[in-house]
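Novice: Okay, predicted coordinates and the sequence, questions at the end:
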Amino acid sequence: MEYRKVMVEKLAADFQEKSLGEALNIVSCIDGEIRENHVRIQIHAIGLNFADLLMTTGRYQERPSLPFTPGAEACGIVMGFGSHCTHTADGIPLKVGAAVMVAFPSGGAYTEQADVSSDNVFSLPRGWTFTEGAGFVVAAGTAFVALDERAHVKPDEWVLVSGASGGTGSLAVSIAKAMNARVIATARGQEKIEFVQKALGADAVLDVTKVDVGSLVNKVKEITGGKGIDVAIDTVGGDLMKVCSKCLKWNSRVIIVGFAGGAISASVPPNVLLVKNASLIGVYWGSYFKNDKEVIHRSSRLLREFAECGSLKPPKICAIFAIENAAQALAFMAKGKVIGKVVLTTRYFVNDSVSGTSRMLSKL
């Protein structure tokens, strides 16, 4: 069966649509037999991440050889699976026609069809749509591992989340609240602030349109009664890390999950870590697929439980583009105006309902 995928044939010079368009190309492929340990997925929607932009321009910490297909997450339906595959990563029996979310830790999501390990397949929470599922796996997995596995967040602890209106930041706020923590979030502009406070339920939101480190530190200390923060989840980097470093309680944890702000040099001074008995921790969720799959399995089960009991809402979808317009979508994301997630859709995306997926599959 023929399907199409996006290939990066040369690195883009910058984040502009023209440069990205010159780097990306749609190619046709023919599938083969499904291997014994793989699941074949018909992709309906694809979630975009800032890492896609960095990889497409050669600025990511992992640099695949050209040509390559970018993308870390998608959502679709199971077309078939090999004899060694029985369950999704979160423990649900595999079934042809079932709606699932898919992780691509080494890239490859910008495609209409994919064969992946069952460890990379996750059941779609009941009532969620394809686009919501496409924007969930990487951000939620990163946020949950950061908060639970690495920071060991406890109820009533103060958690500071930077970049809280973005994909990972917004889910970090939601998951922290589901864990009964108290959340201070940062965002830029009134629209993003209202989204983080009203839709996500952050206890306080700081406007960082203009970063005044001293003023922000005073606000954090005022909110926490002078005590400071127990955990910082940093998705942005740069000057906001300076704010974190001046607000830490004793025995606090600073978790670095990304550099959406562009700067990767700023960090917490070693003397602050020493005096505060604080920990500076990095989280790269994709590395767990290679090094500790049990963390993926356990966290995905807990996230599904959060989602299906209603304590964790699906991600907000900010914009939807056709896969043919991937360059336009990436350029839009680069402008920094995204609230939630940006998603691509394939030709198999008829509507955003998962009902009738078996019927749709049978027509192919």
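Specialist: On my side now, so go ahead.
Novice: contacts for the host helix or strand of Tyr288?
Specialist: Using DSSP states H and E, Tyr288 sits within helix 288-291. Where contact means Cβ atoms under 8 Å, 6 or more residues apart in numbering, the residues beyond helix 288-291 that reach it are 103, 105, 119-120, 145, 295-296. Any C-beta I mention is one placed from the backbone N, CA and C, and that applies to glycine too.
Novice: Buried residues of that helix, list them for me.
Specialist: Of the residues in helix 288-291, 288-289 count as buried by neighbour count, 16 or more other Cβ atoms under 10 Å.
Novice: Give me the distance from it to the chain's centre.
Specialist: 17 Å (Cα atoms, centre = their mean, to the nearest Å).
Novice: Can you give the contact residues for the next helix or strand after that helix?
Specialist: Counting by DSSP H and E, the element after helix 288-291 in chain order, helix or strand, is helix 293-308. The set of residues that contact helix 293-308 without belonging to it, under Cβ under 8 Å, 6+ apart, is 89-91, 119, 122-123, 125-126, 128, 140-141, 144-145, 148-149, 175, 178, 288-289, 312, 314.
Novice: Inside helices: which ones of those?
Specialist: Filtering the contacts of helix 293-308 for membership in helices, criterion DSSP state H, returns 140-141, 144, 175, 178, 288-289.
Novice: Point out where this protein drops to low pLDDT.
Specialist: Across the chain, the ranges flagged by pLDDT under 70 are 211, 238, 259-266, 352-364.
Novice: Closest to the centroid, which residue in it?
Specialist: Nearest to the mean C-alpha position of the chain, by Cα atoms, centre = their mean, lies Ala139 at 2.1 Å.
Novice: tell me the SS of the residue of the chain most remote from its centre?
Specialist: No residue in the chain has its C-alpha farther from the mean C-alpha position than Val275, which lies at 32.9 Å (Cα atoms, centre = their mean). Val275 carries the three-state label helix when classified by DSSP: H, G, I helix; E, B strand; the rest coil.
Novice: Distance check, it against Leu124.
Specialist: The spacing between Val275 and Leu124, counted by Cβ to Cβ, to the nearest Å, is 46 Å.
Novice: residues in contact with the residue nearest to Glu132 when sequence neighbours are not counted?
Specialist: In this structure, Glu132 finds its nearest non-sequential neighbour in Pro314, 3.7 Å apart by Cβ to Cβ, 6 or more residues apart in numbering. Pro314 is in contact with 125, 128-129, 132-133, 136, 307, counting by Cβ under 8 Å, 6+ apart.
Novice: now the contacts of helix 288-291 as CSV including distance to Phe332 and neighbour count?
Specialist: Written out in CSV, the entries for the contacts of helix 288-291 read as follows (distance: Cβ to Cβ, whole Å; neighbours: other Cβ atoms under 10 Å):
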residue, distance to Phe332, neighbour count
Ala103, 23, 24
Pro105, 25, 22
Asp119, 32, 19
Asn120, 27, 24
Val145, 28, 22
Val295, 33, 18
Ile296, 30, 22
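Novice: out of the residues you listed, which one sits closest to Gly201?
Specialist: Using Cβ to Cβ, Val145 comes nearest to Gly201 of the contacts of helix 288-291, at 21.2 Å.
Novice: in terms of contact, does the closest one touch Ser287 like I think?
Specialist: No: under the criterion of Cβ atoms under 8 Å, Val145 is not in contact with Ser287, lying 10.1 Å apart.
Novice: isn't Lys95 right up against Met79?
Specialist: No: taking contact to mean Cβ under 8 Å, the distance of 11.3 Å between Lys95 and Met79 leaves them out of contact.
Novice: Of those two, which one has the most company?
Specialist: Met79 (19 against 14; other Cβ atoms under 10 Å).
Novice: Next one: the more buried one from Ile30, what distance?
Specialist: 15 Å.
Novice: again with Ser279
Specialist: 50 Å.
Novice: Likewise for Pro64?
Specialist: Applying Cβ to Cβ, the value for Pro64 to Ile30 is 22 Å.
Novice: again with Cys244
Specialist: Following Cβ to Cβ, the distance that separates Cys244 from Ile30 is 50 Å.
Novice: Then Pro105?
Specialist: Between Pro105 and Ile30 the computed distance is 25 Å (Cβ to Cβ).
Novice: Verify the assumption that Gly108 is located in a strand.
Specialist: No: the assignment for Gly108, made by three-state DSSP, is coil rather than a strand.
Novice: I figured it hits Ala114, correct?
Specialist: Yes: the pair Gly108 and Ala114 qualifies as a contact (Cβ under 8 Å) at a distance of 6.4 Å.
Novice: neighbour count winner among the two?
Specialist: Ala114 (25 against 20).
Novice: Apart from its neighbours in sequence, what residue is nearest the more buried one?
Specialist: Closest to Ala114 by Cβ to Cβ, 6+ apart is Ile41, at 5.2 Å.
Novice: List phi and psi for the one you found.
Specialist: Geometry field for Ile41 lists phi and psi as phi -120, psi 130, criterion degrees, to the nearest 10.
Novice: what about the spatially closest residue to Ser165 that is not a sequence neighbour, neighbour count?
Specialist: Of all residues beyond its chain neighbours, the one nearest Ser165 is Lys192 (3.9 Å), with distances taken as Cβ to Cβ, 6+ apart. The criterion is other Cβ under 10 Å. On that basis, Lys192 has 26 neighbouring residues.
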